[in-house]
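Q: Sequence plus the predicted model coming up.
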Amino acid sequence: MPGFSGENALEQRLAVDLVMVEGLGWGKPRPGHPEGTIGAHVSHLLDTIDAWGEQGARRAELRFIALVHDTLKGSVKDWLPRTGENHHAMRARRFAEHFTSDERLLATIELHDRPYAIWKRMRRTGDPQRDAVSEMIERVPDLRLFMRFMEVDGSTEGKDPEPFRWFRGELAARSAPE
């Protein structure tokens, strides 16, 4: 990302990691990501975190998640199902495990697109997907961090806000903290 400099030692390590640098350069305009490269998307997220005035530890957490969450999209094997270890978010989690053991951050990275996938399946099948939602919520140790990152990630051009609103409603209906 042109002009990026890490704000802390962790970000500085990420900035020179070859996997990270290659991943940020991957991509072209596509549905949900009209900005093109992962780096352009991440740059927008970092600007949003700045604009929203995030501070302290929460700022550092959101920036780390933003930097890593989509970085391994280009490493997904197109000839295999995009699930499990071949899903970009799981690949990003595995990469992030080299930099942190904080399960709150790792789960957010791994599951950041899960509400969208559940919402999409629900819309396609008419099944409310209650079990899938419950299982996902149980895996997220910090729902407030997760929701804030979903909000940041969903703020980019080309993203449909409906899955976020739906998931927020699911949390409210279950009296889960947002």
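A: Perfect, thanks for sending it. Keep in mind that what you see is a predicted model, and the values were worked out from it rather than measured. Numbers count the residues shown, from 1 in each chain.

Q: elements contacting the helix or strand hosting Arg144?
A: Element membership of Arg144, judged by DSSP states H and E, is helix 143-153. If you count contacts as 3 or more C-beta pairs under 8 Å, 6 or more residues apart in numbering; DSSP states H and E, helix 143-153 packs onto helix 38-51, helix 56-68, helix 103-111, helix 162-173. All C-beta spots, glycine's among them, are computed from the backbone N, C-alpha and C.

Q: what is the orientation angle of that helix with helix 103-111?
A: Here the directions of helix 143-153 and helix 103-111 differ by 40 degrees (axes from the mean of the first three to the mean of the last three C-alpha atoms, to 10 degrees).

Q: residues of helix 143-153 that come out buried?
A: By neighbour count with 16 or more other C-beta atoms under 10 Å, helix 143-153 contains the buried residues 145-153.

Q: Same question for stretch 53-70.
A: The neighbour-count check on stretch 53-70 (16+ other C-beta under 10 Å) flags 54, 60-70 as buried.

Q: Could you do stretch 119-138 as well?
A: Residues 119, 122, 129, 132-133, 136-137 are the ones in stretch 119-138 that count as buried (16+ other C-beta under 10 Å).

Q: Extract the C-alpha trace of that stretch and format it as PDB.
A: Extracted as PDB, the C-alpha positions of stretch 119-138 are listed here (Å, rounded to 0.1, in the frame of the first residue of the first chain):
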ATOM      1  CA  TRP A 119     -27.400 -14.400   5.400                       C
ATOM      2  CA  LYS A 120     -26.900 -15.300   1.700                       C
ATOM      3  CA  ARG A 121     -27.900 -19.000   2.400                       C
ATOM      4  CA  MET A 122     -30.900 -17.800   4.400                       C
ATOM      5  CA  ARG A 123     -32.000 -15.600   1.500                       C
ATOM      6  CA  ARG A 124     -31.500 -18.400  -1.000                       C
ATOM      7  CA  THR A 125     -33.200 -21.200   0.900                       C
ATOM      8  CA  GLY A 126     -35.700 -19.400   3.200                       C
ATOM      9  CA  ASP A 127     -34.300 -21.300   6.200                       C
ATOM     10  CA  PRO A 128     -33.500 -18.900   9.000                       C
ATOM     11  CA  GLN A 129     -30.200 -20.600   9.700                       C
ATOM     12  CA  ARG A 130     -30.600 -20.400  13.500                       C
ATOM     13  CA  ASP A 131     -28.200 -23.200  14.300                       C
ATOM     14  CA  ALA A 132     -25.500 -21.700  12.000                       C
ATOM     15  CA  VAL A 133     -25.900 -18.300  13.700                       C
ATOM     16  CA  SER A 134     -25.700 -19.800  17.200                       C
ATOM     17  CA  GLU A 135     -22.600 -21.800  16.300                       C
ATOM     18  CA  MET A 136     -20.900 -18.800  14.900                       C
ATOM     19  CA  ILE A 137     -21.800 -16.600  17.900                       C
ATOM     20  CA  GLU A 138     -20.400 -19.200  20.300                       C
END
